[in-house]
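return atomic coordinates for the entry below.
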Amino acid sequence: TTEMPAPDPDRPLPTVSPLRILLAEDNKVNQTLAVALLTRVGHHVTVAGDGRAALEALEGGEFDMVLMDVQMPELDGLEATRAIRARETGDERIPILAMTAHAMKGDRERCIAAGMDDYISKPIDPRALHLAIAQLSGQRVSTGSPRRTAPPFDHAKALYHVGGDPEILGQLVDMFLTQS
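Got it, this is the predicted structure:
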């Protein structure tokens with residue numbers, strides 16, 4: 001698991017060169033947040049709503065990495081990862097980052113045993129997400145220097161968790177309220 005310092009909304013997120021990322025996630029709120037966080041830094045994202053759809057997407061497309069929710073309908077992330085690893089040949093191995101709301105003891109080990117390369121917990125921490133992506137991609141991380149301006153809004157922690165984008169925060173709140 002990528003160890004993270006306390007959230008600092010004044011510090012820019014780490015960035016790497018754009019990647020083609022397959023996001024396997026069934027929850028619409030998590031999809032919206034992850035896509036916003038990833039595209040904001042230049043990544044190209046394809047969304048698969050479950051493990052079976054992720055396997056189909058991998059057959060038909062080229063990706064640099066998979067972000068895999070662990071609990072999904074049809075085919076969960078652990079089973080989908082096992083199927084991906086069984087299909088791989090030679091030295092080619094696509095990095096798979098587990099994303100799960102369960103941060104229980106033993107969860108990381110289960111993810112790694114299934115063939116995942118790293119693990120982050122939900123709710124998604126933008127800095128942890130981007131650092132894990134950078135580490136799995138093997139790219140150098142650029143973190144820039146701290147911004148000198150004050151956060152744009154008093155609810156800095158909420159904004160931090162949506163990459164500092166109040167429009168996305170508003171969209172997520174609306175989605176949450178209509179689903180509740």
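
let me see the ranges of the strands in the protein.
Taking DSSP state E as the criterion, the chain contains strands spanning 20-24, 44-48, 65-69, 96-100, 118-121.

any chance of TSV for those strands, columns mean pLDDT, distance to residue 107 and mean neighbour count?
Just so you know, the C-beta spots here come from the backbone N, C-alpha and C atoms, and that holds for glycine as well. Output for the strands of the chain, formatted as TSV (pLDDT from 0 to 100; distance: least, CB to CB, whole Å; neighbours: other CB atoms under 10 Å):
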stretch	mean pLDDT	distance to residue 107	mean neighbour count
strand 20-24	96	17	23
strand 44-48	97	21	18
strand 65-69	96	13	26
strand 96-100	92	6	24
strand 118-121	89	7	20
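
dump those into CSV; add distance to residue 59 as well.
Putting the strands of the chain into CSV (distance: least, CB to CB, whole Å) gives the following:
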stretch, distance to residue 59
strand 20-24, 11
strand 44-48, 11
strand 65-69, 13
strand 96-100, 16
strand 118-121, 24
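
okay, the residue lying closest to residue 68 once chain neighbours are set aside and residue 123: tell me how far apart.
Setting aside the residues directly before and after it, residue 68 is nearest to residue 77 in space (CB to CB, 6 or more residues apart in numbering), at 4.3 Å. Residue 77 sits 17 Å away from residue 123, going by CB to CB, to the nearest Å.
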